[in-house]
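> just need the structure, nothing else, for what follows:
(one chain, ligands or ions: 2)
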Amino acid sequence: MSEKDNYQPVYIMPEGTQRNTGKNAQRMNIMAAKLVAEAVRTTLGPKGMDKMLVDSLGEVTVTNDGVTILREIEIEHPTAKMIVEVAKTQEDEVGDGTTTAVVIAGDLLKQAEGLLDKNIHSTVIAKGYRLAADKSQKILKNMASKLDLEDKDTLKKIAETAMTGKGAEDNKGRLASLVIEAVLKVGRKTKDSFTLDKTDIKVEKKTGAGVEESEIIQGIVLDKEKVHSGMPERVRNAKIALVDSPLEIKSLETDAKISITDPDKIQSFFDMEEAMIKRMIDKVSATKANVVICQKGIDDLAQHFLAKKGIYAVRRVKKSDMEKLAKATGAKIISDLNDFSAEDLGKAGLVEQVQVGDEYMTYVRECENPKALTLLLRGATHHVVDEVARAVDDAIGDVGSAMKHGFVVAGAGAPEIELSKELKKYANTLSGREQLAVQAFADALEVIPRTLAENAGLDPIDVLTELKAAHDNNEKWAGVNVFTGKIIDAWKEGIIEPLKIKTQAISSAADVAIMILRIDDIILSGKEESNPGRKDESFSD
Ligand code: ADP
Ligand code: MG
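Numbering: from 1, shown residues only. Ligands and ions are numbered 1, 2, ... in the order given. I've put the predicted structure just below:
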């Protein structure tokens, strides 16, 4: 036996495994995180640019929305995916501020890189970041103002701030009013709490008219036409049946086999089928329903009988729309026609078929105190309507979040600079290397005003210097007016955002930065992808 045989290398992982350890792993992760932040950074703020995304099928999306961009570009790198998760959490928790969260996460890691270069250990940085993140929550809460839930003026400013610089910009005043009206109508308010289920506001998009023609429908708009031309165009004082089972006889071909030997029997078989369907429709009309909305199919014969009775019917309505209809009209969704009674019907002042563009839609409108309603957004092309809908969605999220948590802050970079200032004071109370980490955290927050300035074509150094001077002078809402380049009181200018946007963005950015800093080993399995073509499923909704 030769000596060499005694020193066989030891493999603990299968062949093909890639491994990066220590500093190398950290640098790679930081690089990946910075790249994600870089990808969305230029869209931040009212002067941010849009991105044109083209998917593999050639479908084009033009957007300024952080989470939409990250969702569309199908990120592969595992660390980069973790950053994308931050945007997703922000979207779920607040509904706005996704770019802010990602940009802060990117800068926290960039600042950490500087500390690693100075040989500060990543666990020390992580600890300092944790201290800073916890302190930030307290500082932000102290800084925030209480929101008066009756103060529609401020609510409108929140909605407008969310839409500034987005596709909705030109009509933001009108859209903001619609958003406030919708949120106040469907939100649930008790003496000291407010909750909003965003799904109670159905945002329906339709091209073919200007954005200014967008409106609220006190009820639900369905992208469906009536099933039979003999049915009425409009039904006043509608009594609505919501049915989630098919109005047809189960297809015999698949369920059973019948042999008919006698030709006469064929006719009687059809007669029987007809009688069954007729009985079904009789059950519906016995309740005095004059509108039937069905989640499943309605067979030709059933359509005919319904039309004969003057009942308006639509079919194959989405389950989520059925639930909204139930909330809007007060109807109970029924599955079994046998225990169906007049009490299960919902009400609407008017149900009608309307031609919108070159399609027909069903409007269930004039619902009394609806618990769900529709925001019908219009726009010249679907690219326009889609981007307006994203802006409106941000506005709904912001107004809802502000009302739910009850606190607001000004924007335009003001809270980030104020927080940065206070964190630096806090850093001075700490000793040792954690102090440096807290300072780095404070520096990272400056990325927001700096980016707002850069995206507006302003000199970021000038802007930051002036901003810091103003904050040192106790002007806590000093922010940057991206249109004029001047330092302004963002509160007085009506640039108002929910506190939760900031607390959530900072806590998730810090969480992911800390997690990434603690990784010192990346092991990429060399195994064949078990499920080729699999995409990131984290956004599937
Ligand atoms: P996000 O996805 O993070 O919400 P946005 O593109 O919506 O990104 O930009 C939000 C930032 O723009 C916030 O920091 C907000 O304070 C700022 N902002 C909004 N309106 C104005 C304004 N009129 N002037 C300056 N900054 C503004
Ligand atoms: Mg926003």
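> wait, Leu395 touches Val179, no?
Small correction: residue 395 is Ala, not Leu. Yes: in this structure, Ala395 is within contact of Val179 by Cβ atoms under 8 Å, at 4.7 Å. For glycine as for every other residue, the C-beta is placed from the backbone atoms N, C-alpha and C.
> measure Lys502 to Ile180 for me?
22 Å (Cβ to Cβ, to the nearest Å).
> quick one: which of the two has more around it?
Taking other Cβ atoms under 10 Å, Lys502 and Ile180 do not tie; Lys502 has more neighbours (28 against 20).
> for the strand or helix carrying Ala126, packing partners?
Counting by DSSP states H and E, the element that carries Ala126 is helix 122-143. If contacts are counted by 3 or more Cβ pairs under 8 Å, 6 or more residues apart in numbering; DSSP states H and E, helix 122-143 sits against helix 98-117, strand 407-410, helix 414-428, helix 433-445, helix 499-517.
> circling back to that earlier point, shared neighbours, Ala395 and Val179?
Ala159 (Cβ atoms under 8 Å, 6 or more residues apart in numbering).
> which one of those two has more residues nearby?
Shown here are Ala395 and Val179; by other Cβ under 10 Å, Val179 has more neighbours (32 against 29).
> wasn't the more buried one part of a strand?
No: using DSSP: H, G, I helix; E, B strand; the rest coil, the secondary structure at Val179 is helix, not a strand.
> my read: it touches Gly397, true?
No: using Cβ under 8 Å, Val179 makes no contact with Gly397, being 9.9 Å away.
> what about Ala490, distance to Gly457?
For Ala490, the distance to Gly457 (Cβ to Cβ) stands at 19 Å.
> now Asp244
Asp244 sits 55 Å away from Gly457, going by Cβ to Cβ.
> okay, those two: which has more neighbours?
Asp244 (15 against 9).
> show me what contacts the residue of the chain found nearest ligand 1?
Nearest to ligand 1 in the chain, going by Cβ to the nearest ligand atom, is Gly411, at a distance of 2.3 Å. Contact partners of Gly411, counting by Cβ under 8 Å, 6+ apart, are 161, 479, 490, 495-497.
> repeat that for Val60.
Contacts of Val60 by Cβ under 8 Å, 6+ apart are 52-54, 383.
> and the residues you listed, which two are furthest apart?
Farthest pair in the contacts of Val60 (Cβ to Cβ) is Val54 and His383. Separation: 12.1 Å.
> give me every residue in the stretch 51-200 of the chain lying close to ligand 1.
Counting by Cβ under 6 Å from any ligand atom, the residues of the stretch 51-200 of the chain close to ligand 1 are 64, 66, 96-100, 161, 164.
> what about the closest residue to Ile496 other than its chain neighbours, how many residues nearby?
Excluding its sequence neighbours, the residue lying closest to Ile496 (Cβ to Cβ, 6 or more residues apart in numbering) is Lys157, at 4.7 Å. Other residues near Lys157 come to 20 when the count uses other Cβ under 10 Å.
> ditto for the one 3 residues further on
Each residue near Glu160 was counted by other Cβ under 10 Å, and the total is 22.
> which SS class is whatever residue of the chain ends up closest to ligand 2?
In the chain, the residue that lies nearest ligand 2 is Asp96 (4.4 Å; Cβ to the ion). When classified by three-state DSSP, Asp96 comes out as coil.
> phi, psi for it please.
phi -160, psi 170 (degrees, to the nearest 10).
> hang on, isn't it packed against Asp398?
Yes: shown here, Asp96 and Asp398 form a contact pair, counting by Cβ under 8 Å, at 5.0 Å.
> hang on, the earlier thing: give me the subset of the contacts of Gly411 lying in helices.
Thr161 (DSSP state H).
> now for the residue lying closest to Leu337 once chain neighbours are set aside: which residues touch it?
Distances taken as Cβ to Cβ, 6+ apart put Lys283 closest to Leu337, at 4.6 Å, once the chain neighbours are dropped. Neighbouring residues of Lys283 by Cβ under 8 Å, 6+ apart: 337-338, 340.
> surely Lys283 forms part of a strand?
No: read with three-state DSSP, Lys283 is helix and lies in no strand.
> how far off centre is stretch 484-494?
28 Å (Cα atoms, centre = their mean, to the nearest Å).
> can you list the weak-confidence ranges in the stretch 401-541 of the chain?
Applying pLDDT under 70 to the stretch 401-541 of the chain flags residues 526-541.
> could you check how many residues crowd around Thr261?
5.
> contacting residues around it?
Residues counted as contacts of Thr261 (Cβ under 8 Å, 6+ apart): none.
> so it, which state does it fall into?
At Thr261 the chain is in coil, as set by three-state DSSP.
> now do the same for it: its pLDDT.
pLDDT recorded at Thr261 is 74.
> enumerate the positions of stretch 476-490 that are buried.
Of the residues in stretch 476-490, 476-482, 487-490 count as buried by neighbour count, 16 or more other Cβ atoms under 10 Å.
> ok, residues contacting that stretch?
By Cβ under 8 Å, 6+ apart, stretch 476-490 touches 45-47, 143, 410-414, 417-418, 449, 452-453, 455-456, 458, 463, 466-467, 470-471, 475, 491-493, 495-496.
> so for it, first residue to last residue, what's the gap.
Stretch 476-490 has an end-to-end distance of 9 Å (criterion: Cα to Cα, to the nearest Å).
> and it, does that touch ligand 1?
Yes: residues of stretch 476-490 contacting ligand 1 under Cβ under 6 Å from any ligand atom: 481-482.
> how far off centre is that stretch?
On Cα atoms, centre = their mean, the centre of stretch 476-490 falls 28 Å from the chain's centre.
> ok, stretch 453-461 next?
On Cα atoms, centre = their mean, the centre of stretch 453-461 falls 29 Å from the chain's centre.
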